[in-house]
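Trainee: model this:
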Amino acid sequence: MLRLENGRHVRAKLHQVSVTGGLLSLEQPLDEGIKVEVMFHIGSSTVRNKGAMLFPMWATKGCLQPFRFLDFSEEIEANWNRRCKPCSTWALPPRLFP
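Mentor: Sure, this is the predicted structure:
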């Protein structure tokens, strides 16, 4: 789920994620450079952080659009590494996060 600066929510499928950002599948691309709040679940943890949308790429259905995290604090990164390191070898399928 993405929350735009105007308060609007946009659903997205999360394809890839790392400590620097990730790749989303969207029905319609968002403008490059807009600031968003990115929210998704990994196991029982919820990741919620500010991000910036990067240049979209059109796909068969909708588009793939990368984003980068902004203000990823050392505390959040340490928590991320602790929770995600055990699952780093898993092949996680894309999920729709309401």
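Trainee: From here on, just use CA atoms for contacts and neighbour counts.
Mentor: Fine.
Trainee: What segments of this structure are helices?
Mentor: 74-84 (DSSP state H).
Trainee: what sits up against stretch 54-64?
Mentor: 23-33, 65-68 (C-alpha atoms under 8 Å, 6 or more residues apart in numbering).
Trainee: hmm, try it at 7 Å
Mentor: Stretch 54-64 has contacts (C-alpha atoms under 7 Å, 6 or more residues apart in numbering) with Leu23, Leu24, Ser25, Leu26, Glu27, Gln28, Pro29, Glu32, Gly33, Gln65, Pro66, Phe67.
Trainee: May I have it as CSV, with CA atoms only?
Mentor: Below are the C-alpha coordinates for stretch 54-64, written out as CSV (Å, rounded to 0.1, in the frame of the first residue of the first chain):
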residue,chain,number,x,y,z
LEU,A,54,11.5,6.2,-9.6
PHE,A,55,11.0,5.9,-13.3
PRO,A,56,8.3,3.3,-14.2
MET,A,57,8.5,0.5,-16.8
TRP,A,58,5.4,-0.8,-18.6
ALA,A,59,4.6,-4.5,-18.2
THR,A,60,2.1,-6.8,-19.8
LYS,A,61,-0.5,-5.8,-17.1
GLY,A,62,0.1,-2.4,-15.7
CYS,A,63,3.6,-1.3,-14.9
LEU,A,64,6.6,-2.1,-12.7
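Trainee: buried set for it?
Mentor: In terms of neighbour count (16 or more other C-alpha atoms under 10 Å), stretch 54-64 has its buried residues at Leu54, Pro56, Cys63, Leu64.
Trainee: Thanks again, I'm all set now.
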